[in-house]
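J.: with the input below, show me the fold.
(chains A and B)
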Amino acid sequence: KAGVTQTPRYLIKTRGQQVTLSCSPISGHRSVSWYQQTPGQGLQFLFEYFSETQRNKGNFPGRFSGRQFSNSRSEMNVSTLELGDSALYLCASSQEWGGTEAFFGQGTRLTVV
Amino acid sequence: AQSVAQPEDQVNVAEGNPLTVKCTYSVSGNPYLFWYVQYPNRGLQFLLKYITGDNLVKGSYGFEAEFNKSQTSFHLKKPSALVSDSALYFCAVRPLYGGSQGNLIFGKGTKLSVKP
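T.: A predicted model of the protein is given here:
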């Protein structure tokens, strides 16, 4: 059974640009969550999607957005990139919303220059 | 505010010795509790979870964790550490009530270093 797949693994963007990250959950999983990991703030919750609906949102500015497709794949978008957006972005999938296990992908390392 | 605390930034142990990585939480109700491990430039790997039942939970790679409701703690343990256990360990909780249900709240992480 394939795990959670995140693409791309690495990205370098310039301030002011926008970026889209992709996450394919484990087959059969319908919930996808996104987290930002930085050395200073640690792991912070961005948002969670279940059945194409955003169920929960963390404390991030509106520049961070996401969506989920009918096949449960999810994308997150960051517009008007700032240097502080440089981070490892992790996606996790669960069978159901608020499930008892979340399985993480390898992450996308975003560097903003 | 709901939070998870890992009081030690780093834990150093000798190979073959027991190890403990501490975690306490401040979350209302009876949340789900988790431990994850992260190797350099990798995602998080699930180690174990506590949902309900026996306070001692066994997980992957010989790790176990002890849930203590009165102390709101969920310490990670292993009887005999290996050099390959060296990594970053995260404790996480999933609240079951309130606005944060559905997402994981993580501690800051504890770097475990096992020396030969």
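J.: give the ranges of residues in chain B that sit below the confidence cut-off.
T.: Applying pLDDT under 70 to chain B flags the ranges B:97-102.
J.: and if we set it to 90?
T.: B:1-2, B:27-31, B:40-43, B:51-53, B:94-104 (pLDDT under 90).
J.: ok, now which ones touch the closest residue to residue A:16 other than its chain neighbours?
T.: Using CB to CB, 6 or more residues apart in numbering or on different chains and skipping the chain neighbours, the partner closest in space to residue A:16 is residue A:80 (5.9 Å). (Each C-beta comes from the backbone N, C-alpha and C, glycine too.) By CB atoms under 8 Å, 6 or more residues apart in numbering or on different chains, residue A:80 lies in contact with A:16, A:18, A:63.
J.: which ones are touching residue A:94?
T.: Residue A:94 touches A:29, A:30, A:31, A:33, A:100, A:101, A:102, A:103, counting by CB under 8 Å, 6+ apart.
J.: among these, which are within reach of chain B?
T.: By CB under 8 Å from any CB of the partner chain, the members of those lying near chain B are A:31, A:33, A:100, A:101, A:102, A:103.
J.: quick one: buried ones out of these?
T.: A:31, A:33, A:102, A:103 (16 or more other CB atoms under 10 Å in any protein chain shown).
J.: helices - which of those residues land there?
T.: Residues of these located in helices (DSSP state H): none.
J.: if we can go back for a sec, the residue nearest to residue A:16 sits in which helix or strand?
T.: Using DSSP states H and E, residue A:80 is not contained in any helix or strand.
J.: would you mind measuring from residue A:47 to residue B:42?
T.: Separation of residue A:47 from residue B:42 (CB to CB, to the nearest Å): 22 Å.
J.: neighbour count winner among those two?
T.: residue A:47 (22 against 15; other CB atoms under 10 Å in any protein chain shown).
J.: what is the burial count for residue 64?
T.: No chain in the question, so chain A it is. Around residue A:64 there are 18 residues (other CB under 10 Å).
J.: chain B, not that one
T.: 16.
J.: again with the one 10 residues further on
T.: Around residue B:74 there are 28 other residues, counting by other CB under 10 Å.
J.: so who does it touch?
T.: Residue B:74 sits next to B:23, B:24, B:25, B:33, B:35, B:50, B:65, B:66, B:67, B:68, B:91 when contact means CB under 8 Å, 6+ apart.
J.: how about it, secondary structure?
T.: Classification of residue B:74 by DSSP: H, G, I helix; E, B strand; the rest coil places it in strand.
J.: how close does it sit to chain A?
T.: Relative to chain A, residue B:74 is positioned 15 Å away (CB to the nearest CB, to the nearest Å).
J.: can you list the contacts of residue B:74 in TSV and add secondary structure?
T.: Shown next, in TSV, are the contacts of residue B:74 (three-state DSSP):
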residue	secondary structure
B:23	coil
B:24	strand
B:25	strand
B:33	strand
B:35	strand
B:50	strand
B:65	strand
B:66	strand
B:67	strand
B:68	strand
B:91	strand
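J.: okay, these in TSV with distance to residue A:85 and neighbour count next?
T.: Compiled in TSV, those are given as follows (distance: CB to CB, whole Å; neighbours: other CB atoms under 10 Å in any protein chain shown):
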residue	distance to residue A:85	neighbour count
B:23	29	25
B:24	31	17
B:25	28	20
B:33	30	23
B:35	28	27
B:50	34	22
B:65	34	26
B:66	38	15
B:67	36	18
B:68	38	11
B:91	26	28
